[in-house]
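# predicted model, plus sequence, below.
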Amino acid sequence: MNTPPQNGRSGTGPRNLAILGATGSVGTQTLDVVRLFPDRFDVKALTCGRNVDLLAEQVREFQPECVAVGAPSQAQALERALSGIAPDVRILAGEEGLCAAATRADVDVVVGAVVGFAGLRPVLDALKAGKQVALANKETLVVGGALVAEALDQSEGRLLPVDSEHSAIFQCLLGEPDRSVEDVVLTASGGPFRDRAAETFGEVTVSEALDHPNWSMGAKITIDSATMMNKGLEIIEAKWLFDLTLDQIQVLVHPQSIVHSMVAFTDGAVKAQLGVPDMKVPIQYALSFPARWEAPHERLDWGELSRLDFARPDTDKFPCLRLAYEAMETTGTAPAILNAANEVAVERFLDEQIGFTDIPRAVERALAQIPVRPEPTLDDLVAADEEARRFVEELPLPASN
């Protein structure tokens, strides 16, 4: 994995930011970090999909020079909302607008926090433009890991992980020699159904699945945590980020979410990175690297921390984890099919069209029935994404009882 030069990308002045997905969970927490260090950041661009009202509030506060929204109709609504407040801000729309925001000449660091497949192209463009990308969008590497690796090899772009698990691995690897890693351990909270009997999963409601015990996240990633697909995607992400084989990546269920991940080395030593469940800490580290800036984030209370539990995940109970391993072993467009099928299945579950157990069923059927293209181009990935989405949208899966 390419790491940024030790003096950062912005010299001694403020780091100029483009925040893609500014109104989502990671985007809003990124702006919380910016508020802590107003002299160290200058927000140049903000984007969102549909939440124009919140984006307008962010524009009023941070005064970016450019914003991008999902569609022309939202651009018109934003223009009306900003009339008389920020009349000079440049308003863009669609994928072209997202990519334009990510590649602005005055931007040093791009925060990739767009949810899903939509985040791939702007991240690729940002890397090719030599930007430092703080990546929170795991689907970018799940779907297009080979293309991201190619972009890193052929440009001055840099990639830093924002996911707490991958940030933990990144921190554990700093200063270690090449080829010293035996394996890595991604920890998983187990989600809201860690201790729930599998035979009752057909009765799971949307509100139950959204009730995560440890983390505050967006709806899609929270459902992914409940099915453990989130951890499956993180396995594929770790493979590309750290140039690992699948055999080198383990998953352990860790209910307390204190140990964010671990690295075992060839001499028998193990490093772990610990902290309270707070996404602002890895976000800040991705933005401040290689420095650590003093901040008022919550600290671990060692007096209250009485135990740390670990267990191997049950892939029969949570088949999405198994499906992710299988997709990565197949390679080609299989991970793109996995991701797209899951995104649509989660949407259908949130809309109460299908049941909780139908999510892995839909993904498994898509992987079994959609042909896989080896060594895909970006166009191949787009086509596989579209085919898998259409397949799951049309799949007659009645809500489970």
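That came through, no problem.
# please name the nearest non-neighbouring residue to residue 155.
Nearest in space to residue 155, with sequence neighbours left out and distances taken as Cβ to Cβ, 6 or more residues apart in numbering, is residue 128 at 5.1 Å. Bear in mind the C-beta positions are built from the backbone N, C-alpha and C, glycine included.
# and the one you found, how many neighbours does it have?
16 (other Cβ atoms under 10 Å).
# distance of it from residue 227?
Shown here: residue 128 relative to residue 227, a distance of 34 Å by Cβ to Cβ, to the nearest Å.
# hey, where'd the strands end up in the stretch 51-200 of the chain?
Ranges of strands in the stretch 51-200 of the chain, per DSSP state E, counting those that start in this stretch, are 66-69, 90-93, 109-112, 132-135, 158-161, 181-188.
# now render these as JSON lines, adding mean neighbour count and mean pLDDT.
Formatted as JSON lines, the entries for the strands of the stretch 51-200 of the chain read as follows, by neighbours: other Cβ atoms under 10 Å; pLDDT from 0 to 100:
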{"stretch": "strand 66-69", "mean neighbour count": "26", "mean pLDDT": "96"}
{"stretch": "strand 90-93", "mean neighbour count": "17", "mean pLDDT": "94"}
{"stretch": "strand 109-112", "mean neighbour count": "29", "mean pLDDT": "98"}
{"stretch": "strand 132-135", "mean neighbour count": "28", "mean pLDDT": "97"}
{"stretch": "strand 158-161", "mean neighbour count": "24", "mean pLDDT": "97"}
{"stretch": "strand 181-188", "mean neighbour count": "21", "mean pLDDT": "96"}
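# using the three-state scheme, assign residue 396.
coil (DSSP: H, G, I helix; E, B strand; the rest coil).
# next one, pLDDT for it please.
At residue 396 the predicted local confidence, pLDDT, stands at 84.
# quick one, grab the pLDDT at residue 117.
Here the pLDDT value assigned to residue 117 is 86.
# doesn't residue 385 make contact with it?
Yes. If you go by Cβ atoms under 8 Å, residue 117 and residue 385 touch, sitting 5.2 Å apart.
# which residues are common contacts for the two?
With contacts taken as Cβ atoms under 8 Å, 6 or more residues apart in numbering, residue 117 and residue 385 have 143, 336, 339, 340 as neighbours in common.
# what's the closest of those residues to residue 103?
For residue 103, the nearest member of the shared contacts of residue 117 and residue 385 is residue 143. The distance, counting by Cβ to Cβ, is 19.8 Å.
# report the contact partners of that closest one.
Taking Cβ under 8 Å, 6+ apart as the contact definition, residue 143 lies against 117, 120, 335, 336, 339, 381, 385.
# once you drop chain neighbours, what's closest to it?
Excluding the flanking residues, the one nearest residue 143 by Cβ to Cβ, 6+ apart is residue 336, at 4.5 Å.
# same question for residue 395.
Ranked by Cβ to Cβ, 6+ apart and with sequence neighbours excluded, the top spatial neighbour of residue 395 is residue 362, at 5.6 Å.
# does the one you found really touch residue 345, like I thought?
Yes. Distance between residue 362 and residue 345: 4.1 Å, which falls inside the contact criterion (Cβ under 8 Å).
# surely residue 18 is within a strand?
Yes. Secondary structure of residue 18, determined by three-state DSSP: located in a strand.
# against residue 395, how distant is residue 203?
Counting by Cβ to Cβ, the separation of residue 203 from residue 395 is 21 Å.
# and what of residue 285?
Taking Cβ to Cβ as the measure, residue 285 and residue 395 are separated by 41 Å.
# so which of those two has more stuff around it?
Between residue 285 and residue 395, counted using other Cβ under 10 Å, residue 285 has the larger neighbour count: 22 against 18.
# hang on, the more buried one packs against residue 291?
No. Counting by Cβ under 8 Å, residue 285 stays clear of residue 291, with 9.1 Å between them.
# phi, psi for residue 362 please.
phi -60, psi -40 (degrees, to the nearest 10).
# can you name every helix or strand that the particular helix or strand that has residue 44 in it contacts?
Using DSSP states H and E, the element containing residue 44 is strand 41-47. Contact analysis of strand 41-47 by 3 or more Cβ pairs under 8 Å, 6 or more residues apart in numbering; DSSP states H and E lists strand 15-20, helix 25-36, helix 52-62, strand 66-69, helix 94-102 as its packing neighbours.
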